[in-house]
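K.L.:
what follows is a protein structure lacking sequence information:
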């Protein structure tokens, strides 16, 4: 299990949104690459990067910053936000991204996603992003809700060569309310695809509770920036 510190990018800066609301933004740093380096120094092996502009506009918008992170750190990057073109995804992987996270396009164009996941260049490197608000999945930067549930979608991809399912509870994301342990436990216990938990992690006790579940990783954002969680200590918890 890994801790994946999160960097959310908007206009080249490191920010956080409260409950995915673009009108509720907290600015943390003007230089996301410097932030990534501090995470690496704390012992992180992975970095979860979200292009918020890309998620909203449907295209990758912060590529220069992402490329700098890949060049200037040894971190494995998991990149999401606006990844809706095969060529862009393949280019990111060829440039050094370890995983590409696809959410909106996957849920709105299932045949396209099926073909993407099974491409030789992408198999094992695509993570399915499932973002839920009150058990209903949301897309387009969390601005549109669907009828499908995370469990229904997880069942459809059981045998696919996916790297992971990233499950985010939008209602808790960026709010420091604690993770949705029950929903995460149910999904992780049901899915054959490894699950990464995201949203609401507030303190080391939350990390310990999630570490007891069969997860591939835990994404932490705001709690690290506001020093409610020491990243090195959290990494120590999951590595035993």
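P.N.:
Perfect, I can see it now. On a predicted model such as this, the values are computed, not experimentally measured, just so you know.
K.L.:
for residue 118, give its distance to residue 82.
P.N.:
With the distance defined as Cβ to Cβ, to the nearest Å, residue 118 ends up 22 Å from residue 82. Every C-beta, even on glycine, is put in place using the N, C-alpha and C of the backbone.
K.L.:
who's more crowded, those two?
P.N.:
Neighbours per residue (other Cβ atoms under 10 Å) separate residue 118 from residue 82, with residue 82 holding more: 26 against 12.
K.L.:
quick check: next helix or strand after the helix or strand of the chain with the lowest mean pLDDT?
P.N.:
For the chain, scoring each helix and strand by mean pLDDT, DSSP states H and E identifies strand 144-145 as the least confident one, at a mean of 71. Scanning the chain past strand 144-145 towards its C-terminal end, the next helix or strand to appear is helix 150-156 (assignment: DSSP states H and E).
K.L.:
what does that following helix contact?
P.N.:
By Cβ atoms under 8 Å, 6 or more residues apart in numbering, the residues outside helix 150-156 that reach it are 107, 110, 128, 130, 132, 135, 137, 165, 167, 183, 186-187, 190-191, 193.
K.L.:
can you count the residues close to residue 50?
P.N.:
With other Cβ under 10 Å as criterion, residue 50 counts 29.
K.L.:
and it, bridged to which residues?
P.N.:
residue 8, residue 80 (DSSP bridges).
K.L.:
tell me who's in contact with residue 127.
P.N.:
Applying Cβ under 8 Å, 6+ apart, one finds that residue 127 lies in contact with 78, 80, 99-102, 162-166, 196.
K.L.:
if we use 10 Å, what do you get?
P.N.:
With contact taken as Cβ atoms under 10 Å, 6 or more residues apart in numbering, residue 127 is in contact with 48, 78-80, 98-103, 106, 162-166, 193-194, 196, 216.
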